[in-house]
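Asker: missing the sequence, but the structure's below:
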């Protein structure tokens, strides 16, 4: 696993593997990630790619609710997804 998301993305592209670059663009309240944090989705990239172009997704960092992801932080994170 590469710790640099840009190198991971370049490696994926060189191998012609699907990839999605995700970057935190906004946080509100408690969040484990800071604005600017990046990661590359590899194995999970197809659903994002199949849904179309770049977009922003909001995640609620709580255990309950429609957009909740099962964490206890209690904040919110907006993530920009670029296939």
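Answerer: Thanks, I have it. The model shown is predicted, which means the values in this text are computed figures rather than measured ones. Numbers count the residues shown, from 1 in each chain.

Asker: Spell out for me which residue occupies the centre of this structure.
Answerer: Centroid check for the chain by CA atoms, centre = their mean gives residue 22 as the closest residue, at 3.7 Å.

Asker: which SS state does residue 49 fall under?
Answerer: Residue 49 falls in the helix class when you classify it by DSSP: H, G, I helix; E, B strand; the rest coil.

Asker: Please list all residues in contact with it.
Answerer: Shown in contact with residue 49 (CB atoms under 8 Å, 6 or more residues apart in numbering): 18, 20, 83. The way it works is simple: take the backbone N, C-alpha and C, and place the C-beta from them, glycine included.

Asker: wouldn't the second one be in contact with residue 45 here?
Answerer: Yes - proximity of residue 20 to residue 45 meets the contact threshold set by CB atoms under 8 Å, at 4.6 Å.

Asker: Packing partners of whichever helix or strand residue 12 is part of?
Answerer: Assigned by DSSP states H and E, residue 12 belongs to helix 5-14. Of the remaining helices and strands, those touching helix 5-14 by 3 or more CB pairs under 8 Å, 6 or more residues apart in numbering; DSSP states H and E are strand 38-41.

Asker: Against which helices or strands is the strand it packs on packed?
Answerer: In terms of contacts (3+ CB pairs under 8 Å, 6+ apart), strand 38-41 is packed against helix 5-14, strand 20-28.

Asker: same thing but 10 Å
Answerer: Packing partners of strand 38-41 (3 or more CB pairs under 10 Å, 6 or more residues apart in numbering; DSSP states H and E): helix 5-14, strand 20-28, helix 45-50, strand 76-82.

Asker: mean confidence for stretch 60-76?
Answerer: If you average the pLDDT over stretch 60-76, you get 70.

Asker: and what of stretch 14-28?
Answerer: Here the average pLDDT along stretch 14-28 is 91.
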